[in-house]
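Trainee: Okay, structure incoming, though there's no sequence with it:
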């Protein structure tokens, strides 16, 4: 059996945020051992989120929870009770990484500030993920996915100017923050492996977006004093076509920046002569001054072709673009099926479902999905008895007291 | 200062954004990143008319490739060499450099490096500790492997775009930022740091393939579950969240200014009502539970808007956060640059660039207490480090180096 890239790294996940769950999932996919700590009774809020089969809520069948927690172990523990807190301390002494989302006030109340954690286990990598970071004027602010979209500069760019701006769907910004946190955490593990100590990895979800997505607009702002705005289906900068337009059975996204690509594009739609017309050669003007006219030119061809036909033509002419694929298209994609993108996992309650396989195709260290998300408290005995050495009777007593 | 990746050397073939961002993140954390360039085939981010002061280039278009701020943002901390890879000597030089390196990254189409003899098996024969990453849009195999794409195209092909739009079904799709590129870059970077950890333990390098589309699709698991569980094809969902109400962005005073508000608990709902003066409408039975507020969200949103529309988003944020309710200004880059919180967090960093003077580039996406990362140098001028890299690292003699410059292999 192959060795996994993060084999031997033990991670304790303690959180209610999608970003933290996502960070730990990435580490799990690389073979780290994740011990996910949930509140007894209710568990991770993602268990309440859904989607559920038949839309009937069931904490063991939430689609969000199932996909975020594959390859993890799950335990329950009430960190506010002294016994539970003691178990968490024991767990953290045996861990390499702690991924969590406490506000400064919560960390104080639980005795889980970075100073506390460092005193307990100086080698521990503490990855704290919050909406605004551990320092700065907003460090105590509340915020979930929508706030982070707003603060991170995403919302500002999505939507039509005459309507409200929009967040991205399906916790996308939380996923991006979690992935970023997983990179920083792995670098901290590397540093420790090279003789360094543990450290605090302070991830602000809104910093991640501001720096990585909005930061690209910073030079334009500094030199021109402009910030741009949302612009519906059209990109607000660049050359025509950089837009989303309607086809026979859906939508198509086109982004054709290079001249050779653009000339091939006109051949593709059967109008090679248009490439010689000065009005259709000035592609900045087409994008900025007469985009309606420019798109109207393309509309008849696209309206008479299906997504599949458009895709075939784009591939044949090497034009950058793609139909806007729906989850239906994705699930039946020949390309993804041929690449073995979906893996079947059978969960004791939710049954057999196809999950997207982690996107890391590594030649030496596999990242495949091996086990479904844990049921609530599934690994209590394995972790508390086998790992921490608790007597089975003590575990029973703790369960009766509601500590686990 | 010892950084997390100090002592690692990276050969970076990246162009535009998705490729170079990988190298930039590694360079921020202390890796020595060498960008392989060519004067005859410039990185797209070096092309075009610079947006900085018109007089900086003094009318000399030859200086433009060193004056592109977008290029500076994703290539700071790197070294640049220029080499003609169409010549056997050029390929030989690059191979010799890779032999002395830890990581190779590229965002070329499938097969490009292989045709130059720079495929992983050949390179690993010389350097078994090498970690190499490729990130073609649709992957190295499968019917769509030759798909040509940019960030928005990846968003379309991955399924994400089909869900970006208004709840009433109006399609938007477009994100005014390099979303798909950044997802791909982060995914590749994660693969590389994991591979470096594996190499630290076992001494073995490996090859990493990331299909940009798959990197994005794995972030849509919830919708793929809904499709299987309920045969439901998710469309645009606007700002709606079934588990919070109010949950939207609301118009504020000023030109196109907005604030996001999220209410998750009854306690927060009561706190919000108190802030807005406990109006009579808020006592309406339709607004008493999360579920009924969600069902009547159109009217609820109108009421909240009535209150926010005469206030600035900053005032709403302050009033609501003071009572524990999530609220935040919808920010743009000007906000990030001037807002005290983002200034405190280091959104921008000042870098001295020899031709431009001091310029602002984006900071770091993480804060690490022991290995904070640093910007040690400006983005390189085209070919700035030829002599250092080819002589000091690869070990060419001064004479051999001069000969290759004369022969335009190094150019």
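Mentor: Now that the structure is in, tell me what you want to look at. The shown structure was predicted, so the numbers you read here are calculated from the model rather than taken from an experiment.
Trainee: next one: phi and psi at residue B:368?
Mentor: phi -120, psi 130 (degrees, to the nearest 10).
Trainee: Contact partners for the closest residue to residue B:163 other than its chain neighbours?
Mentor: Of all residues not flanking residue B:163 in the chain, residue A:169 sits nearest, at 4.2 Å (C-beta to C-beta, 6 or more residues apart in numbering or on different chains). Every C-beta, even on glycine, is put in place using the N, C-alpha and C of the backbone. The contact partners of residue A:169, by C-beta atoms under 8 Å, 6 or more residues apart in numbering or on different chains, come to B:160, B:163, B:164, B:223, B:234, B:236, B:237.
Trainee: so what's the closest residue in space to residue A:323 that isn't next to it in sequence scoring on pLDDT?
Mentor: Distances taken as C-beta to C-beta, 6+ apart put residue A:307 closest to residue A:323, at 3.6 Å, once the chain neighbours are dropped. At residue A:307, the model reports a pLDDT of 97.
Trainee: ok now do residue A:307, which residues does it touch?
Mentor: By C-beta under 8 Å, 6+ apart, residue A:307 lies in contact with A:247, A:248, A:249, A:250, A:252, A:323, A:324, A:325, A:329.
Trainee: Just the buried subset of these, please.
Mentor: A:247, A:250, A:252, A:323, A:324, A:325, A:329 (16 or more other C-beta atoms under 10 Å in any protein chain shown).
Trainee: Secondary structure for those residues - can I get that in JSON lines?
Mentor: Shown next, in JSON lines, are the buried ones among the contacts of residue A:307 (DSSP: H, G, I helix; E, B strand; the rest coil):
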{"residue": "A:247", "secondary structure": "strand"}
{"residue": "A:250", "secondary structure": "strand"}
{"residue": "A:252", "secondary structure": "strand"}
{"residue": "A:323", "secondary structure": "strand"}
{"residue": "A:324", "secondary structure": "coil"}
{"residue": "A:325", "secondary structure": "coil"}
{"residue": "A:329", "secondary structure": "helix"}
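Trainee: Which one of these is nearest to residue B:101?
Mentor: Lowest distance from residue B:101 to these (C-beta to C-beta) belongs to residue A:325, with 37.5 Å.
Trainee: Residue A:383 contacts residue A:73, correct?
Mentor: Yes - at 6.5 Å, residue A:383 and residue A:73 qualify as touching, with contact defined as C-beta atoms under 8 Å.
Trainee: How far does stretch B:292-303 sit from its chain's centre?
Mentor: Centre-to-centre, stretch B:292-303 and its host chain are 36 Å apart (C-alpha atoms, centre = their mean, to the nearest Å).
Trainee: my bad, should have said stretch B:122-130
Mentor: Remark: stretch B:122-130 is offset 29 Å from the chain centroid, using C-alpha atoms, centre = their mean.
Trainee: Likewise for stretch B:165-185?
Mentor: 14 Å.
Trainee: mind listing what's buried in that stretch?
Mentor: B:165-166, B:171-185.
Trainee: Is that stretch in proximity to chain A?
Mentor: Yes - Stretch B:165-185 reaches chain A (C-beta under 8 Å from any C-beta of the partner chain) through B:165-166, B:170-179, B:182-183.
Trainee: Now do that stretch, average pLDDT.
Mentor: On average, stretch B:165-185 scores 94.
Trainee: Now do it: distance from first to last residue.
Mentor: One end of stretch B:165-185 to the other measures 25 Å (C-alpha to C-alpha, to the nearest Å).
Trainee: do the same with stretch B:78-90
Mentor: End to end - C-alpha to C-alpha - stretch B:78-90 spans 20 Å.
Trainee: What are the contacting residues of it?
Mentor: For stretch B:78-90, contacts defined as C-beta under 8 Å, 6+ apart pick out B:12, B:23-24, B:27, B:32-40, B:91, B:93-94, B:116, B:379-386, B:388-390, B:404, B:407-411.
Trainee: so how far is it off the chain centroid?
Mentor: Taking the mean of its C-alpha atoms, stretch B:78-90 sits 26 Å from the chain's own mean (C-alpha atoms, centre = their mean).
Trainee: now stretch A:249-264
Mentor: Counting by C-alpha atoms, centre = their mean, stretch A:249-264 is centred 28 Å from the centre of its parent chain.
Trainee: Can you list the residue ranges for strands in the stretch 51-200 of chain A?
Mentor: Secondary structure of the stretch 51-200 of chain A (DSSP state E, counting those that start in this stretch): strands at A:73-76, A:97-100, A:125-130, A:200-204.
Trainee: In TSV: those strands, plus mean pLDDT and distance to chain B.
Mentor: Listed next are those as TSV, based on pLDDT from 0 to 100; distance: least, C-beta to the nearest C-beta, whole Å:
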stretch	mean pLDDT	distance to chain B
strand A:73-76	97	18
strand A:97-100	98	12
strand A:125-130	98	9
strand A:200-204	98	4
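Trainee: closest one to residue A:155 among the ones you listed?
Mentor: Nearest of these (C-beta to C-beta): strand A:200-204, 16.6 Å.
Trainee: Listing partners with orientation, what would you give for the closest one?
Mentor: Applying DSSP bridges, strand A:200-204 is found paired with strand A:125-130 (parallel), strand B:367-368 (antiparallel).
Trainee: Any chance you could list what contacts the very next helix or strand once past the last one?
Mentor: So that's strand B:367-368. For strand B:367-368, the following helix or strand on the C-terminal side (DSSP states H and E) is helix B:386-387. Helix B:386-387 has contacts (C-beta under 8 Å, 6+ apart) with B:81, B:82, B:401, B:405, B:410.
Trainee: Redo those as TSV? Include pLDDT.
Mentor: Shown next, in TSV, are the contacts of helix B:386-387 (pLDDT from 0 to 100):
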residue	pLDDT
B:81	97
B:82	96
B:401	95
B:405	94
B:410	91
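Trainee: list the contacts for residue 274?
Mentor: I went with chain A, as the question did not name one. Residue A:274 sits next to A:266, A:280, A:297 when contact means C-beta under 8 Å, 6+ apart.
Trainee: that answer is for a different chain, and I need it for chain B
Mentor: Going by C-beta under 8 Å, 6+ apart, residue B:274 touches residue B:323.
Trainee: Okay, and it sits in which element?
Mentor: Short version, using DSSP H and E: residue B:274 is in helix B:266-275.
Trainee: quick check: mean pLDDT across that helix?
Mentor: Regarding helix B:266-275, the rounded mean pLDDT is 96.
Trainee: what about the next helix or strand after it and chain A, touching?
Mentor: Sequence order places helix B:290-295 as the next helix or strand after helix B:266-275, per DSSP H and E. No - judged by C-beta under 8 Å from any C-beta, helix B:290-295 stays clear of chain A, getting no closer than 11.4 Å.
Trainee: same for helix B:290-295, what does it pack against?
Mentor: In this structure, helix B:290-295 packs against helix B:266-275, with contacts taken as 3 or more C-beta pairs under 8 Å, 6 or more residues apart in numbering or on different chains; DSSP states H and E.
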